[in-house]
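**Student:** Next one to model:
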Amino acid sequence: MDTTSSRPFKQGLQQIEAFVFDNDGVFTNGTVFLMPGGEQVRTASTRDGYAVQHATKCGLRLAMISGGRSAEVVRRMNSLGVTEVIMGAAEKLGSFESLCARWNLKAEQVCYMGDDIPDIPVLKAAGMACCPHDAVPEVRAVSDYVSPLPGGAGCVRDILEQAMKVKGLWMNDLAHAW
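**Tutor:** I've put the predicted structure just below:
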């Protein structure tokens, strides 16, 4: 476990009420395949998807804030139970603050996971800042927790699984169905 904060990571998870994620570089490895005709294709981890749908079934609040505009990303998140999907966010902090207000939560009660420079203002505002192992150095420097897993390869599951274990939600009756 690679941490950069003096606060114990798992103790901090006790206070977290919601999780917000970037997409590219977090749910994906950041690689975009450019198809003939201009379509952009990404890959995502099914293990991350399992953790997301399990977390939403257990009542955790999850959201995504992305600078991208992919309708496919919105459909995937919705199919996993994530209804708060903000796309086209050129500046993410305002979207994050709006989410907190809608949820009636303080920023300190929210965990944010991002991987690149546009994520830094939100990482600094959130109660817990997390990033994938392959995040840029500037993001790693402001993160409370650096997952040992890279973007698109389980870093989302890593943070959700740890949080759900701390909250006693991981291996419950809902865990055995997709």
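
**Student:** okay, CA-based contacts and neighbour counts for the rest of this
**Tutor:** OK.

**Student:** And stretch 171-178, how far out from the chain middle?
**Tutor:** 21 Å (CA atoms, centre = their mean, to the nearest Å).

**Student:** Okay, and the beta partners of the residue nearest the centre of the chain?
**Tutor:** Nearest to the mean C-alpha position of the chain, by CA atoms, centre = their mean, lies F21 at 2.6 Å. Counting by DSSP bridges, F21 is bridged to M64, M113.

**Student:** distance of it from M113?
**Tutor:** Separation of F21 from M113 (CA to CA, to the nearest Å) stands at 5 Å.

**Student:** and what of W178?
**Tutor:** 24 Å.

**Student:** more neighbours, these two?
**Tutor:** M113 (32 against 11; other CA atoms under 10 Å).

**Student:** L93 reaches V122, doesn't it?
**Tutor:** Yes - counting by CA atoms under 8 Å, L93 touches V122, with 5.2 Å between them.

**Student:** Who has more neighbours out of those two?
**Tutor:** Using other CA under 10 Å as the criterion, L93 and V122 rank with V122 on top: 24 against 20.

**Student:** Contacts only, for the more buried one.
**Tutor:** Contacts for V122 (CA atoms under 8 Å, 6 or more residues apart in numbering) come out as K92, L93, F96, Y112.

**Student:** quick one on the thing from earlier: I figured the residue nearest to the centre of the chain hits R61, correct?
**Tutor:** No - checked against CA under 8 Å, the pair F21 and R61 is beyond contact range at 11.3 Å.

**Student:** re the thing from before, most neighbours among the contacts of V122, please name it.
**Tutor:** That'd be Y112 among the contacts of V122, by other CA under 10 Å, with 28 neighbours.

**Student:** And that one, how far from I86?
**Tutor:** Y112 is 14 Å from I86, where distance means CA to CA.

**Student:** One more: D144?
**Tutor:** Counting by CA to CA, the gap from D144 to I86 is 24 Å.

**Student:** The two - which one has more neighbours?
**Tutor:** Between D144 and I86, counting by other CA under 10 Å, D144 is the more crowded of the two (24 against 19).

**Student:** Point out where this protein drops to low pLDDT.
**Tutor:** Where the chain drops to pLDDT under 70, the residues are 1-7.

**Student:** Can you show me the helices along it?
**Tutor:** Assigned by DSSP state H, the helices in the chain fall at 9-13, 46-57, 71-79, 92-103, 120-125, 137-142, 155-166.

**Student:** For G25, find the nearest of these.
**Tutor:** helix 155-166 (10.0 Å; CA to CA).

**Student:** outside of that closest one, which residues touch it?
**Tutor:** 10, 13-14, 26-27, 47-52, 55, 131-133, 147-149, 170-171.
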